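1. A predicted structure for the sequence below; I have some questions about it.
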Amino acid sequence: MRTALFVGIAGILTLAALAPAQTQDKGPPKKLPLPALIEMLKKSPEEFIKQFDKNMDGFLQKDELPPFLAKNFEKFDKNSDGKLHREEVDQMLKTTRQFLAAQQPGFGNQPDFDALDKNADGRLSKEELKGTPWLARFAAIDTNGDGQIDRREWEAFMRKSAEKKKE
């Protein structure tokens, strides 16, 4: 099921990435290779806005986003003003990368412990993992059950997950 979801998401993002460059005299867009999709998601918020901002107002409206991202527009439009600002696009890109990394082994890099540790205390809390796919796996990662994930627990879970996916 997750593999099918990833394939569908990748296909939608592929078409959306190529749509701005497509002209009427060309046929349907060619499939974007996985590395190109990863590169699209690695863009800075400014680069991403520039690529998809059809009306060139410096923001992204729902109809300017690739369909997969447009579907979740309200989730990322934190101030409900009908457009995504730089900070909202940044969060959207981070969340999308983390979601796709959790769904498909080898898609980009697994989230870095330090990047998730927002308060830099050496432990991950449920609050720090909100909005990521890791929150749903919190209990499995927190092997000692203390309500915090330390670096040792995180790395052990990542190793175990990578080994399972190789089988």
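-> Structure received.
2. can we go C-alpha only for contacts and neighbour counts from here?
-> Fine.
3. pretty sure L129 sits against I141.
-> No. With contact defined as CA atoms under 8 Å, L129 does not reach I141; the gap is 11.8 Å.
4. which one's more surrounded, these two?
-> The neighbour comparison of L129 against I141 (other CA atoms under 10 Å) goes to I141, with 21 against 17.
5. I'd say that one and E153 touch.
-> Yes. Between I141 and E153 there is a contact under CA under 8 Å: 6.1 Å.
6. count of neighbours near D57?
-> D57 has 10 nearby residues by other CA under 10 Å.
7. how about L84?
-> When neighbours are counted by other CA under 10 Å, L84 registers 24.
8. in the sheet, who's paired with it?
-> For L84, the beta-bridge partners are L60 (DSSP bridges).
9. separation between it and G58?
-> Distance, L84 to G58, using CA to CA, to the nearest Å: 9 Å.
10. same thing with L116?
-> Taking CA to CA, one finds L116 at 28 Å from G58.
11. and K94, by the same measure?
-> K94 is 19 Å from G58, by CA to CA.
12. repeat for L65
-> Separation of L65 from G58 (CA to CA): 13 Å.
13. neighbour-wise, which of these two wins?
-> Between L65 and G58, L65 has the larger neighbour count (other CA under 10 Å), namely 23 against 16.
14. quick check: that one touching K54?
-> No. Counting by CA under 8 Å, L65 stays clear of K54, with 9.5 Å between them.
15. the bottom helix or strand of the protein by mean pLDDT?
-> When the helices and strands of the chain are scored by mean pLDDT, DSSP states H and E, helix 2-18 comes last with a mean of 45.
16. could I get the pLDDT score of D63?
-> In this model, D63 is scored at 95, pLDDT.
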